[in-house]
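Participant: compute the structure for the input listed below.
(one chain, ligands or ions: 1)
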Amino acid sequence: MALTLPPLPYPAAALEPHIDARTMEIHHGKHHNAYVTNANKALEGTQFADWQGEQLVRHLDQLPEAIRGAVRNNAGGHVNHAMFWESMAPAGSGGGGEPTGPLAAAITTAFGSFAGFKDKFEAAGTGRFGSGWAWLCVNDGKLEVCSTANQDTPLMGKAVAGCGGTPILGCDVWEHAYYLHYQNRRPDYLKAWWNVVNWRKVGERFASAGGR
Ligand code: MN3
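Facilitator: Residues are numbered from 1 along each chain as shown. Now for the predicted structure:
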């Protein structure tokens, strides 16, 4: 079973004004779709054609060198975007606000406060030169913030991606994620993005990843 483009879990305009509908349409329908198509093209006819996205990015070292780069970029892009859409919800209806429960407590432990966490995450996103992602990860039960280049994910491991652990929240800081509305103002995009973060979903991932 080849990789497939998952539908957006809400209408393209649902995240406005923080993320505009046109950006969402192009980002999901063109960019994410291209990652899926290109990953499938690289994998077609190989023994890895049945592997799912997470399996591929966790085991890049098992792939033949001839397709490893294409799978890293495109299966990485697929896994990251599938998670990204699910990490957001319309502002005020599932999106925004603050985390609760064990995740909120862990954020305070790791970063001093929710505000301290947001500062660190925004710094990871603005500090990423060129294209990439900012991440909140669970690593050995503890929360960490990091960033990766291109479509690398911490699931690829520290040796490949530069940081490891299980990502529970990621923000796409490629220009295609914000340029139509924010142009070069990546910090403004990152600040607005908090209005659409689905903390319930992130809390579920925190629990599944063994966060404490
Ligand atoms: Mn993107």
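Participant: name the SS class of the residue in the chain sticking out farthest from the centre, please.
Facilitator: Each residue of the chain has a distance to the centre, and by C-alpha atoms, centre = their mean the biggest one is for Gly45: 28.5 Å. Here Gly45 is recorded as coil under DSSP: H, G, I helix; E, B strand; the rest coil.
Participant: again with the one 4 residues further on
Facilitator: Three-state secondary structure (criterion: three-state DSSP) places Ala49 in coil.
Participant: could you check the pLDDT of the spatially closest residue to it that is not a sequence neighbour?
Facilitator: Leaving aside its sequence neighbours, Ala49 sits nearest to Leu43 (C-beta to C-beta, 6 or more residues apart in numbering; 4.7 Å). Placement of C-beta: from N, CA and C, glycine included. Per-residue pLDDT puts Leu43 at 98.
Participant: count of residues packed around Thr37?
Facilitator: Neighbours of Thr37 under the rule other C-beta atoms under 10 Å: 15.
Participant: what of the one 4 residues further on?
Facilitator: Using other C-beta under 10 Å, the number of residues around Lys41 comes to 13.
Participant: and it, how far from the ion?
Facilitator: 19 Å (C-beta to the ion, to the nearest Å).
Participant: pretty sure Thr166 sits against Asn139.
Facilitator: Yes: using C-beta atoms under 8 Å, Thr166 is in contact with Asn139, at 7.5 Å.
Participant: enumerate the residues of the protein near the ion.
Facilitator: Asp172, Trp174, Ala177 (C-beta under 5 Å from the ion).
Participant: got the contact list for the residue nearest to Ala49?
Facilitator: Ala2, Leu3, Ala49, Trp51, Leu56, Ile67, Val71 (C-beta atoms under 8 Å, 6 or more residues apart in numbering).
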